[in-house]
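Novice: Let's see this in three dimensions:
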Amino acid sequence: MPRCCACTGPDPGRARTHLAALTGTPVETAAALLPAEPGFAEGPFGVDGVTAVGEVTLHNRPALLAALTAAGAPAPAGCPDGELLLRLWLRLGADGVRQADGLFVLLAADGPDLVLIRDHAGARTAFYARADGCWAAATSLRALRHWPALGAGLDLAAVRSFLTFAYLPGDETLVRGVHEVLPGRILRLAADGTVREEHYWEPAEHVTDPGGPPEAYARRLRALLEEATARRLPPGEDVAVLLSGGVDSSLVTALAARLHDRPVHTYSIGFGAGLPDELGYSGLVAAHCGTAHRVLTVSGSEVAARLADTVALLDSPVGDPLTVPNLMLAEAVAADGLRVVLNGEGGDPVFGGPKNLPMLVHEMHRDDPSPGARAEAYLRSYRKCYEDLPRLLTPAALRALEGEPAPHRFVAPYLRPGPMTSLLNQLLHCNLRTKGAHHILTKVERLTASRGVQGRAPLFDRHVIDHAFATPPRLKLHGTVEKWVLKEAVRDLLPATVTDRPKSGMRVPVQQWLRGPLRDLSGDLLLGRRARERGLFRPDTVRTWMRREGTLLPRQGGKLWLLLTLELWLRAYGL
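Specialist: As a prediction, this is how the structure comes out:
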């Protein structure tokens, strides 16, 4: 693919992947759709000599059309969302993109340059690389892997990051030389190989009335939540909601049921008799809100049978045992003929869930004043494989990592005074820009889009996020109550049993799966010939974990899940 993109596939309306390529000399740029992956691609379309493709879903078209008209550049009323976003950028620059509300990635061929635009919170993705004096960019890593000029080397620093976080928290990917566009950014890739990055939106702390009445913050948040949910409802169609039974998905269910003029369908998962689940709470919410409710039972044998194909759908591995259940939920939604599914993702990284507590406790007792101490504590708080790396990675892998930048670099900039002054807001900012953008949003987007369904997250709405960081931290962590202002904003919508319940999370029976249906698969993959030849992990450490030995706490299951997910992903991508 020396200077142009692949031809449009036989079903361009559902082709997910785009590729734009840039030559060196003479310079030619091109952008088009690539076939073979489902999704929401559109284009190419041209405006004023600029050609673009994109995955663009805008929730505030009327406001954007009005902004262009006011600027003296009205857009055709029926133009696709991608073309509308392109017009906004061409006419209004970063301010035009900032006004857009939705899920979007736009790849534009602008003269000799490629311009890449990613949405505010990071729901959709873009990747880019340079080889043979040429740039290439795509909305999926899989598409970029098909570029003949791109090498197939494994990035060991990214392996270390994944084992630390259970996802990749920044711009690195597991393919050497390929980078991910960060959310809220506009990147210009120039023909001479330089990259210029423009931040068009970044959350910042703007608490104008720290002593103001709590009720005022809750009322304003309620209004924003209603607006965010209403904008994401599909006009004239039924809508689905993924309902876990926690307060975040429950409030989205309640708002959708109140605001939508069509039936609301809710979907929950359980793991079988005798295993923990949240079905009592999700059933209570479904009955309270009057939704059409379905419960899917996910067995360990189904997870074992489908894990490899599910992992292969992701641009980067995610050490989350809910990947197969998430895919099964998307399939159930699609089978019921629904196109849009809302979820409650975002409550913890935006308003302060329990994952911040270890860091807050650490700060109370910190005796190391060095700048890196807080970042080190943050990495350890994940309780994944960070502290195990010296005995997990082979000596050859450890030597290869000497001199490579450490994963602290992805979190340290957020954990010091800057856009945020309070520690809680620094932690939330970090969670939003790392786990939110590179795990929560992208996992849901990839898995739902693979089944032709759009996943939308009202709690990640940029106006909701802005309000969260304009709210005094004491109202997010109020005494010992987490997400207090969020709960107060929706208290009238839900039973107190749900609103006031402690956070428990989805208790996935990973340990049971690894002792049962996944036992043979894990052994064959992690101790097999291909894994040994790759030379990443010490077999003796893997065997110890598989025997459930070597640690005081029963966390080997989660660590083995990381290794298994990584191995399956590497095989799917030929690494």
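Novice: C-alpha from now on. contacts and neighbour counts both.
Specialist: Fine.
Novice: pLDDT weak spots in the stretch 1-150 of the chain?
Specialist: Low-confidence segments of the stretch 1-150 of the chain (pLDDT under 70): 1-30, 32, 34-39.
Novice: need the helices for it, in chain order.
Specialist: Ranges of helices within the stretch 1-150 of the chain are 61-70, 81-99, 141-145, based on DSSP state H, counting those that start in this stretch.
Novice: wait, which of these is closest to W484?
Specialist: helix 81-99 (28.8 Å; CA to CA).
Novice: Put the alpha carbons of that closest one into CSV.
Specialist: Presented in CSV, the C-alpha positions along helix 81-99 are these (Å, rounded to 0.1, in the frame of the first residue of the first chain):
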residue,chain,number,x,y,z
ASP,A,81,-22.1,13.1,10.6
GLY,A,82,-18.5,12.6,9.4
GLU,A,83,-18.9,15.3,6.8
LEU,A,84,-20.5,17.6,9.4
LEU,A,85,-17.5,17.2,11.7
LEU,A,86,-15.1,17.8,8.8
ARG,A,87,-16.9,21.1,8.0
LEU,A,88,-16.7,22.1,11.7
TRP,A,89,-13.0,21.5,11.8
LEU,A,90,-12.3,23.3,8.5
ARG,A,91,-14.4,26.3,9.3
LEU,A,92,-14.0,26.6,13.1
GLY,A,93,-10.8,24.7,13.8
ALA,A,94,-10.4,23.2,17.3
ASP,A,95,-13.3,25.2,18.6
GLY,A,96,-15.6,23.5,16.2
VAL,A,97,-14.4,20.1,17.2
ARG,A,98,-14.8,21.1,20.9
GLN,A,99,-18.5,21.8,20.3
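Novice: tilt between it and helix 61-70?
Specialist: For helix 81-99 against helix 61-70, the angle by axes from the mean of the first three to the mean of the last three CA atoms, to 10 degrees is 80 degrees.
Novice: just how off-centre is helix 81-99 within its chain?
Specialist: Put simply, helix 81-99 sits 23 Å off its chain's centre (CA atoms, centre = their mean, to the nearest Å).
Novice: Summarise which helices and strands that helix is packed against.
Specialist: strand 42-47, strand 50-58, helix 61-70, strand 102-110 (3 or more CA pairs under 8 Å, 6 or more residues apart in numbering; DSSP states H and E).
Novice: Adjacent strands (with direction) for the shortest one?
Specialist: To tie it back to what came earlier, the one meant is strand 42-47. strand 50-58 (antiparallel) (DSSP bridges).
Novice: If we go by neighbour counts, what in the partner strand is buried?
Specialist: Residues V50, T51, A52, V53, G54, E55, V56, T57, L58 are the ones in strand 50-58 that count as buried (16 or more other CA atoms under 10 Å).
Novice: and what of stretch 270-288?
Specialist: Buried-residue list, stretch 270-288, by 16+ other CA under 10 Å: G270, F271, D277, E278, L279, Y281, S282, G283, L284, V285, A286.
Novice: Out of the helices and strands packed on helix 81-99, which is closest to I440?
Specialist: strand 102-110 (13.9 Å).
Novice: That closest one: partners in the sheet, and parallel or antiparallel?
Specialist: strand 50-58 (antiparallel), strand 113-118 (antiparallel).
Novice: can you list contacts of it?
Specialist: 20, 29-31, 49-60, 82, 85-86, 114-119, 122-126, 137-139 (CA atoms under 8 Å, 6 or more residues apart in numbering).
Novice: And for stretch 309-322?
Specialist: 140-142, 162, 166-168, 173-174, 323-324, 327, 439, 443, 446-447, 450, 508, 510, 561-562, 565-566, 568-569, 572-573.
Novice: All the strands of the stretch 401-550 of the chain, residue numbers only.
Specialist: 454-456, 477-478, 481-482 (DSSP state E, counting those that start in this stretch).
Novice: and those strands, which is most packed in?
Specialist: When those are scored by mean count of other CA atoms under 10 Å, the highest mean neighbour count falls to strand 454-456 (a mean of 24).
Novice: Secondary structure element for Y281, which one?
Specialist: helix 279-289 (DSSP states H and E).
Novice: What average pLDDT does that helix get?
Specialist: What helix 279-289 shows for mean pLDDT is 95.
Novice: C-terminal to it, what's the next element?
Specialist: Trace forward from helix 279-289 with DSSP H and E and the next one is strand 292-297.
Novice: packing partners for that next one?
Specialist: So strand 292-297, by 3+ CA pairs under 8 Å, 6+ apart, packs with strand 264-270, helix 279-289.
Novice: That strand pairs with which strands, parallel or anti?
Specialist: Checking strand 292-297 against DSSP bridges gives partners strand 264-270 (parallel).
Novice: can you list contacts of the partner strand?
Specialist: With CA under 8 Å, 6+ apart, strand 264-270 has contacts from 238-244, 253, 256-257, 276-279, 282, 286, 291-298, 325, 329.
Novice: for that strand, what is the average pLDDT?
Specialist: 97.
Novice: and the direction of it versus that of helix 279-289, what angle?
Specialist: 170 degrees.
Novice: Could you export strand 264-270 as PDB, CA atoms only?
Specialist: Provided in PDB are the C-alpha atoms of strand 264-270 (Å, rounded to 0.1, in the frame of the first residue of the first chain):
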ATOM      1  CA  VAL A 264     -36.600   0.300  27.300                       C
ATOM      2  CA  HIS A 265     -35.000  -3.100  27.300                       C
ATOM      3  CA  THR A 266     -32.500  -4.100  30.100                       C
ATOM      4  CA  TYR A 267     -30.000  -6.900  30.000                       C
ATOM      5  CA  SER A 268     -28.100  -8.400  33.000                       C
ATOM      6  CA  ILE A 269     -25.800 -11.400  33.400                       C
ATOM      7  CA  GLY A 270     -25.400 -14.200  35.900                       C
END
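Novice: List the buried residues of it.
Specialist: So for strand 264-270, counting by 16+ other CA under 10 Å, buried means V264, H265, T266, Y267, S268, I269, G270.
Novice: Check the burial of P169 by counting its neighbours.
Specialist: Neighbour count for P169, taken as other CA atoms under 10 Å: 26.
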